[in-house]
Structure formats: structure tokens, C-alpha cells
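Colleague: Any chance you could fold what I've pasted below:
(chains A and B)
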There are 2 protein chains.
Amino acid sequence: MSTSTPDVDALCFDVFGTVVDWRSGVIRDGKRLGQRLDLEVDWAAFADAWREEYRPALDRVRRGEEPWRNLDSLHRESLDELLDRFEIDGLSEAEITQFSRVWHRLDPWPDSVPGLRRLKPKYVIAPLSNGHVRLLTNMAKRAGIPWDLILSAELSGHYKPDKETYLTAVDLLDLDPEAVMMVAAHEHDLEASRSVGLRTAYVHRPFEWGPEAADSAERPDTSDYDLVVESFVELAERLDAPPIA
Amino acid sequence: MSTSTPDVDALCFDVFGTVVDWRSGVIRDGKRLGQRLDLEVDWAAFADAWREEYRPALDRVRRGEEPWRNLDSLHRESLDELLDRFEIDGLSEAEITQFSRVWHRLDPWPDSVPGLRRLKPKYVIAPLSNGHVRLLTNMAKRAGIPWDLILSAELSGHYKPDKETYLTAVDLLDLDPEAVMMVAAHEHDLEASRSVGLRTAYVHRPFEWGPEAADSAERPDTSDYDLVVESFVELAERLDAPPIA
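Modeller: Predicted coordinates:
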């Protein structure tokens, strides 16, 4: 790990797990639905199972086995499968559609917005997520996430960790790759970013998979990334972004 | 002109002339440069001439006579030509580059930001400009323009009024064309929008070409567009966006 401040102009953020707590959001909306329909469901297990469907669905698109589809479409398909698996029925079509879009309605980790507000005067800040542009726009409007612009895998037609996703973002930022830092809680995202020349910051999010998983959540080797931090506020400190007066 | 409120989800705004006053910005930076270098130049005439080079340069790209290039590149090329024509020399390479990017540093019309702040809680708001993503991002950061996301001709690889520009924006907003309203001070932009199904709002900007041209600036026939307004604040009123408390 470098001890000097990386000289970058723009920061791109992974979103699900890095900026927002997807697991609590899915559990929250699942419980509401369960109460209304008098369902007995382990919504934490449901949330984890839904998220685990995510990577294989993306990978089918990445391998070209399926044409490009946005996350709403992939989430809806996996939700239909999970409703079967968890033996949940009695939901109307409108309720299923509404629930499938809970990924637009996730809350940021407590440090995310304070850290981003501090970073924004000094850096261009953008999401760079596999979520599509409209999903990320709705999420930011609802949660008050102060992005300068919305970047997304959708703009390249390739899902992360395909290199096209990162390089399209770099191109739209009109920068060289080394002037862009990818911020993520997931090593595969940072490894792919680094392989095409971006700077990297790992943010430790031990609660991504819930409180029971937190103790076993491992920090990476600090020498692998330009920065390894515990929060977006620490990221702002390490990147010399002064506190908001 | 319809008297009911158009039922739209998102508003896309032309930028140069509609959101920002390009002419005053170019004159301002031109005068500063002129004072520093002791130049005698009619900067208003210079600004108008620079803007007039814009459409032919875009049209060469639109007709496929030149490959896609962003506005920085087109503005730089026309600036070099104008420096010759106005017999301006003695500028360093860095000064020319800096001046060519004055289009990133334009100020909004006085009603633009107040109107957008009022529209934002009710509608998704985005620029849809021939300016590239980074130019629009820099402009918004500097001027505090509260866009939800940055849309641009660059995302389609086609300049307005090519239909691809509008349809790519509609697609990224995940909406049908009739749920999107294009807002512009220029009829050719609105005509092209309408021809692919968008709703349209004309904003009258009589000072776009300066105070002397203001008296002769004609309003269009109000029956041609869904709305014809004098300011973004009137646009917010007509679209039932309540004042900010």
C-alpha cells in the first residue's frame, strides 16, 4: 500500500454492498410484504439467496449465452424462481414487480453519504455499478446520494468485471485510467479495475452478508490496493478531502 | 398547446442557450484574456462567430464526413480558426486550451437553477446536450446545477438533432418517449424530439444572442409544443412542481 495520496481526478464506486446495504433493504421490504400477506419466511435467508443468484445470471450475459438485459429483468427472473423455492404465493403481479425493484430502494451505509459529500468538492464522484442507469438514478434520488453523474455497466453493454465496463467509464470521464480510482468492497471488482490501469481503494464492509458473517469477513492484503479503508469518511481523509465546514 | 399538465416522468434539457448563457461566458473569459494580453478585440462578435461555427462542425460529423469527436475537439479547431480571423496572437498553447474549454465554465440564466430545484423532487431531470459527458459534469459542478444524471449526445455517438440522441436518452431513462419532455430554446431541437415521440417545452431565451438581438427574437406558435414558457420557474409552475418550502 502506498503511503502517499494517490493523484486521481475521479472516483468510481461499486454500489451494492459498497455504497448501500442491499441485505437490510431486501429484508425490510420482505418483512413488510410478509406481514401484509401473513407469510412465514426467513427473509434474511431469502435476501442472501436472491443475491447469490446474481452472479450466475450476470455471468450468463457476460459469456454471451443471453443477450444484454438490465438488472430489473435479471432480478425479476430470479425472484420468480425464489418465490417458488420459498413456497411464497398469493402475490399479485403488481406486488411481484414492486418487490423485484427493491434494489432501487436500498439505504446507504451510515458513512456513505457523509463521505461522498466530503469527497465531492475535490473529486468527480460517480457510481460504477452493474445496476442500470435508471436504477442508480432512482436510488440516488430516494437516498440523497450526491453523485456528479451516473456511470453504469449499461453504458458499455458489458457487466463488471468485463474490462469494457471500466474503460467506457474512463472514456466518458475523459481521463487516463490512472486518474480514476475504483472504490469497492469486493476484490474481484478491484482486481479487474487494476488490470486495466485504474487506481483502487478497498472498503471493508463486514456487515454486507449480515451480523453473523461479520466476524469472519476478511480484510485483504493491504499491499494489493492503493488504499484499504474502513469507511467512506476514512477514504475522504486518506484522499485529503477536508471536512465540510 | 394543451391546457392540461403533460403526464411525464423525466425532463431533458438542451443546455447551451437554454440552461446557460454561453454568450456572456465567452465574452467574460475573452475580456479577461484580452486585458492580460493587452488585446483589442470585439469579444461579443468573437462569441457569436465561435457559436456560428458550431452547427457546421456538428453537421460534418452528423453526415459522416468526420468521425465522432467531442465538443472540446470541435471547439478547439474552430477557436484556432477564429484566433487567425480576429488576428489574435501571443497566446500560449496552455492559454488556448484553457480558453477553448470556456464552454465548461458557463453560468446558468438566473431562473435555471431555481426552476430545476423545484422540478427535481417531482421529475427526473437531466441535460441532453451536444456537449459531452465530462463537459456537462464540469459545468454542473461549477455552477451548482442539480441534475439527477448526465445525458449527452456522446452516449449515442450521434449529435442532435439525429434521432438516436433522443432515443438513447429515452432508453437509459427506461421510459416510453411520451413520458419524456424535451425542454429547449431552439425549435429544431424540439421538432426532432417531437418526431420521435417526446413531449416538448419551448423556453423563450431572447437574450441568447445578446441584448441587441432580444427585441427581434420571435416566440414560436404556441400550438406547436406542449408548453411554451418564459422561464424554468414558469415551467415548474406549469408542470405542477410546488415551490421549495
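
Colleague: contacting residues for the residue lying closest to A:Leu79 once chain neighbours are set aside?
Modeller: Once flanking residues are discounted, A:Leu79 sits nearest to A:Ser100: 4.8 Å by Cβ to Cβ, 6 or more residues apart in numbering or on different chains. In short, each C-beta sits where N, CA and C put it, glycine included. Residues near A:Ser100 by Cβ atoms under 8 Å, 6 or more residues apart in numbering or on different chains: A:Asp72, A:His75, A:Arg76, A:Leu79.

Colleague: Please determine how far A:Ser100 is located from A:Pro161.
Modeller: 24 Å (Cβ to Cβ, to the nearest Å).

Colleague: contacts for the helix or strand hosting A:Ala140?
Modeller: Assigned by DSSP states H and E, A:Ala140 belongs to helix A:133-143. Contacting residues not belonging to helix A:133-143 are listed as A:15, A:20, A:70-72, A:101, A:103-108, A:113, A:127, A:129, A:131, A:145-147, A:150, A:152, A:154-155, B:120, B:124, B:148-149, B:172-174 [Cβ under 8 Å, 6+ apart].

Colleague: Among those residues, name the ones in helices.
Modeller: Applying DSSP state H to those, the entries found in helices are A:Leu71, A:Asp72, A:Val113, B:Leu172.

Colleague: Am I right that A:Gln35 falls within a helix?
Modeller: Yes: under DSSP: H, G, I helix; E, B strand; the rest coil, A:Gln35 sits within a helix.

Colleague: any idea how far it lies from A:Val41?
Modeller: In terms of Cβ to Cβ, A:Gln35 sits 11 Å off from A:Val41.

Colleague: So for the two, which residue has more residues nearby?
Modeller: Between A:Gln35 and A:Val41, counted using other Cβ atoms under 10 Å in any protein chain shown, the more crowded position is A:Val41 (16 against 9).

Colleague: which stretches of chain A have low pLDDT?
Modeller: Scanning chain A for pLDDT under 70 picks out the ranges A:1-3.

Colleague: who in it is up against chain B?
Modeller: Residues of chain A lying near chain B by Cβ under 8 Å from any Cβ of the partner chain: A:70, A:72, A:120, A:124, A:132-134, A:136-137, A:140-141, A:147-150, A:154-155, A:172-174.

Colleague: residues touching A:Val20, list them.
Modeller: A:Val20 sits next to A:Leu106, A:Asp107, A:Pro108, A:Trp109, A:Ser112, A:Met139, A:Ala143 when contact means Cβ under 8 Å, 6+ apart.

Colleague: Okay, it and A:Thr97: tell me how far apart.
Modeller: Distance of A:Val20 to A:Thr97, given as Cβ to Cβ: 21 Å.

Colleague: same deal with A:Gly25?
Modeller: Distance of A:Gly25 to A:Thr97, computed by Cβ to Cβ: 17 Å.

Colleague: More neighbours: those two, which one.
Modeller: Neighbour count, other Cβ under 10 Å: between A:Gly25 and A:Thr97, A:Gly25 has more, with 19 against 13.

Colleague: I figured that one hits A:Leu106, correct?
Modeller: Yes: counting by Cβ atoms under 8 Å, A:Gly25 touches A:Leu106, with 3.8 Å between them.

Colleague: residue boundaries of the strands in chain A?
Modeller: Secondary structure of chain A by DSSP state E: the strands cover A:10-13, A:124-129, A:151-152, A:180-184, A:199-203, A:227-229.

Colleague: and B:Ala241, which of those is closest to it?
Modeller: Proximity to B:Ala241 (Cβ to Cβ) singles out strand A:124-129 among the strands of chain A, at 25.8 Å.

Colleague: ok, back up a step: could I get the strands of chain A as JSON lines with mean neighbour count?
Modeller: Formatted as JSON lines, the strands of chain A follow (neighbours: other Cβ atoms under 10 Å in any protein chain shown):
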{"stretch": "strand A:10-13", "mean neighbour count": "26"}
{"stretch": "strand A:124-129", "mean neighbour count": "26"}
{"stretch": "strand A:151-152", "mean neighbour count": "28"}
{"stretch": "strand A:180-184", "mean neighbour count": "27"}
{"stretch": "strand A:199-203", "mean neighbour count": "24"}
{"stretch": "strand A:227-229", "mean neighbour count": "20"}
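
Colleague: Out of these, flag the one nearest B:Asp7.
Modeller: Closest approach to B:Asp7 among these (Cβ to Cβ): strand A:151-152, 26.7 Å.

Colleague: follow-up on the earlier one: so which of the ones in helices among the contacts of helix A:133-143 wins on neighbours?
Modeller: Neighbour counts for the ones in helices among the contacts of helix A:133-143 (other Cβ under 10 Å) peak at A:Leu71, which has 26 neighbours.

Colleague: what sits against that one?
Modeller: The contact partners of A:Leu71, taken as Cβ under 8 Å, 6+ apart, are A:Trp103, A:Asn130, A:Gly131, A:His132, A:Leu135.

Colleague: In space, what's closest to A:Val229 - neighbours in sequence excluded?
Modeller: Excluding the flanking residues, the one nearest A:Val229 by Cβ to Cβ, 6+ apart is A:Leu235, at 4.8 Å.

Colleague: Show the contacting residues for A:Tyr166.
Modeller: Contacts of A:Tyr166 by Cβ under 8 Å, 6+ apart are A:Cys12, A:Leu128, A:Lys160, A:Pro177, A:Met182, A:Ala192, A:Ser193, A:Val196, A:Leu198.

Colleague: I'd like the distance between the residue nearest to A:Ser24 when sequence neighbours are not counted and chain B.
Modeller: Excluding its sequence neighbours, the residue lying closest to A:Ser24 (Cβ to Cβ, 6+ apart) is A:Asp107, at 6.9 Å. Distance of A:Asp107 to chain B, given as Cβ to the nearest Cβ, to the nearest Å: 18 Å.

Colleague: Of the contacts of helix A:133-143, which count as buried by neighbour count?
Modeller: A:15, A:20, A:70-72, A:101, A:103-108, A:113, A:127, A:129, A:131, A:145, A:147, A:150, A:152, A:154-155, B:120, B:124, B:148-149, B:172-174 (16 or more other Cβ atoms under 10 Å in any protein chain shown).

Colleague: number of nearby residues for the residue nearest to A:Val229?
Modeller: When neighbours are counted by other Cβ under 10 Å, A:Leu235 registers 24.

Colleague: how near is it to A:Ile244?
Modeller: Remark: distance between A:Leu235 and A:Ile244 (Cβ to Cβ) = 15 Å.

Colleague: Repeat that for A:Thr5.
Modeller: For A:Thr5, the distance to A:Ile244 equals 19 Å [Cβ to Cβ].

Colleague: How about A:Tyr159?
Modeller: From A:Tyr159 over to A:Ile244 (counting by Cβ to Cβ), the distance is 34 Å.

Colleague: the more surrounded of those two?
Modeller: For A:Tyr159 versus A:Ile244, neighbours defined as other Cβ under 10 Å are more numerous around A:Tyr159 (21 against 10).

Colleague: I figured the more buried one hits A:Val61, correct?
Modeller: Yes: at 5.9 Å, A:Tyr159 and A:Val61 qualify as touching, with contact defined as Cβ under 8 Å.

Colleague: A:Val228 contacts A:Thr200, correct?
Modeller: No: counting by Cβ under 8 Å, no contact exists between A:Val228 and A:Thr200, whose distance comes to 9.3 Å.
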